[in-house]
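Can you look at this prediction? I've put the sequence above it.
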Amino acid sequence: MADESVVYVSSIVCPSCGHRSPGYMQVIGDGKLASTCEKCGATITQPLPVHSVQQLPPPTFVSPVHPHVHVRHYPGLYTAPKHAPRLDIVDLVRISYKPREAFPSLYLSTNLHMALAVVVVFSVLSALVSALVTADVGEVLGYSTGDALAVAMQGFVSWAVSIFAFLVFAFTSASVARGVFGGRGEKGSTITLIGYAYPAYVLLSILLLLIFTAGFGSLDLTDVQDWTGSEMNQAIFWGAVLILVAMFGLMWLLWVVSRAISVANDISMGEAALSAVLSAIAAGIVYVLAGRLMSLPMGLFL
């Protein structure tokens, strides 16, 4: 990224006060450099010198583009050499309990193609489980077997929508990280690391569906008023379990995804969490609108 590089210039001249000094200027593209006058605070723009050497900014460098960013959260990560890309199964598992160590390792050992392969495999698994559960609990939810089969026939469309929603989430995360928090905004790295976090979302969704099936599979949800006392107690118990697992699961998922966004864009975990929440809203809107366009029963898809 252009705004991740600086060039040392022997003479930086302020057009407002005429102050002249040497120092680093940020590469802003189109053959131009930018900095802020240390005397009057004015923005300075100069052409990129011929044969200049670009480098990562030093820890003390204050970006004129995003002046509120003062520190690098992962110093040295982006100057380390990347390994030959591979499907890193060890870090894929380690994400669930040590994301702080797993994502920096993945940044250096995998690439976009490997991450998209992970997303495709787990999204297909998600669609298959969704179709099976839909067919199994169709009558419980008030849908006939024919309805369940009709939904299953639209599985490919649902799968495509889930992939699109994932991309919307990743692109929005990178854009918010850069535009709001002054992060790298590197979309390729963001998609890659969030792609490795995608299985966590699928596994949580499957777990919630299994709990729902175990707790409510024997109940008639279309005739709640005729439930017996034991059926009501069963619904209350499993409903509480479902809510607790969902709450802790979403907190865990936010923790994992936020670390992926944090590493990919070199922003703090708090900033990454806000980026993730805003991106989830955008992806959710896309998914809901697509679901309505296809007239799908809500709640039947992961």
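Arrived safely, thanks for sending.

How about the contacts made by the nearest residue to Arg20 once chain neighbours are set aside?
With C-beta to C-beta, 6 or more residues apart in numbering as the criterion, Arg20 has its nearest non-adjacent residue at 5.1 Å, and that residue is Val13. For the C-beta atoms, the positions are set from N, CA and C on the backbone; glycine is no exception. Shown in contact with Val13 (C-beta atoms under 8 Å, 6 or more residues apart in numbering): 19-20, 44, 46.

I'd like to know which of those residues are buried.
44, 46 (16 or more other C-beta atoms under 10 Å).

so how far is the longest strand that the chain contains off the chain centroid?
Ordering each strand of the chain by length in residues (DSSP state E) puts strand 20-29 first. Chain-centre distance of strand 20-29: 33 Å, with C-alpha atoms, centre = their mean, to the nearest Å.

what's the answer for stretch 250-266, then?
In terms of C-alpha atoms, centre = their mean, the centre of stretch 250-266 is set 7 Å apart from its chain centre.

Looking at it now, give me its mean pLDDT.
Average pLDDT, stretch 250-266: 94.

Quick one: residues in contact with it.
If you take C-beta under 8 Å, 6+ apart as the criterion, stretch 250-266 is touched by 72-74, 77-78, 95-96, 99-100, 103-104, 107, 173-174, 177-178, 181, 183-186, 189-190, 192-194, 196-197, 200-201, 204, 267-269, 271-273, 275-277.

Name the residues of it that are buried.
Neighbour-count burial for stretch 250-266 [16+ other C-beta under 10 Å]: 253-266.

Helices of the protein, residue ranges please.
Secondary structure of the chain by DSSP state H: the helices cover 89-94, 99-109, 112-136, 145-153, 155-179, 187-216, 229-265, 269-293.

Report the buried residues of the first one.
Pointing back at helix 89-94 there. If you call a residue buried by 16+ other C-beta under 10 Å, then helix 89-94 has these buried ones: 91-92, 94.

Check which helices and strands that helix sits against.
If you count contacts as 3 or more C-beta pairs under 8 Å, 6 or more residues apart in numbering; DSSP states H and E, helix 89-94 packs onto helix 99-109, helix 187-216.

Just the buried positions in the shortest one, please.
By neighbour count on 16+ other C-beta under 10 Å, the buried set for helix 99-109 is 99, 102-107, 109.

closest to Gly217 among those?
When the buried residues of helix 99-109 are compared for distance to Gly217 (C-beta to C-beta), Pro99 wins out at 33.5 Å.

per-residue pLDDT, that closest one?
94.

Verify the stated contact: Tyr78 with Pro57.
No. Applying C-beta atoms under 8 Å, one finds Tyr78 not in contact with Pro57, separated by 10.8 Å.

Where does pLDDT dip in the chain?
Scanning the chain for pLDDT under 70 picks out 1-4, 59-60, 65-71, 79, 131, 133-156, 220, 291-302.

what about 80?
Across the chain, residues meeting the criterion (pLDDT under 80) sit at 1-4, 40-41, 53-72, 75-84, 127-161, 182, 216-227, 287-302.

thought Ser275 was touching Ile281?
No. With contact defined as C-beta under 8 Å, Ser275 does not reach Ile281; the gap is 11.1 Å.

Which one's more surrounded, the two?
Ser275 (29 against 12; other C-beta atoms under 10 Å).

List of residues touching the longest strand of the chain?
Residues outside strand 20-29 that contact it (C-beta under 8 Å, 6+ apart) are 2-3, 5-14, 33-35, 38, 44-46, 48, 54, 57-58, 61, 63-65.

make it 10 Å
Contact partners of strand 20-29, identified using C-beta atoms under 10 Å, 6 or more residues apart in numbering, comprise 1-14, 32-39, 44-46, 48-49, 52, 54-55, 57-58, 60-66.

ok, the residue nearest to Arg20 to Ser35 distance?
10 Å (C-beta to C-beta, to the nearest Å).

overlap in contacts of those two?
21, 44, 46.

Now for the closest residue to the second one other than its chain neighbours: which residues touch it?
By that I understand Ile44. Nearest non-adjacent residue to Ile44, counting by C-beta to C-beta, 6+ apart: Ser35, 4.9 Å away. Ser35 makes contact with 6-7, 9, 12, 14, 21, 23-26, 28, 42-46, 61-64, according to C-beta under 10 Å, 6+ apart.

Sort out which of the residues you listed are buried, if you could.
6-7, 9, 12, 14, 24-26, 28, 44, 46, 61, 63-64.

Which member of those is positioned nearest Ser162?
Ser63 (36.1 Å).

Please verify my assumption that that closest one contacts Thr43.
No. Contact status for Ser63 versus Thr43: not in contact, 11.7 Å apart, counting by C-beta atoms under 10 Å.

any shared contact partners between those two?
Jointly contacting Ser63 and Thr43 under the rule C-beta under 10 Å, 6+ apart are 34-36.
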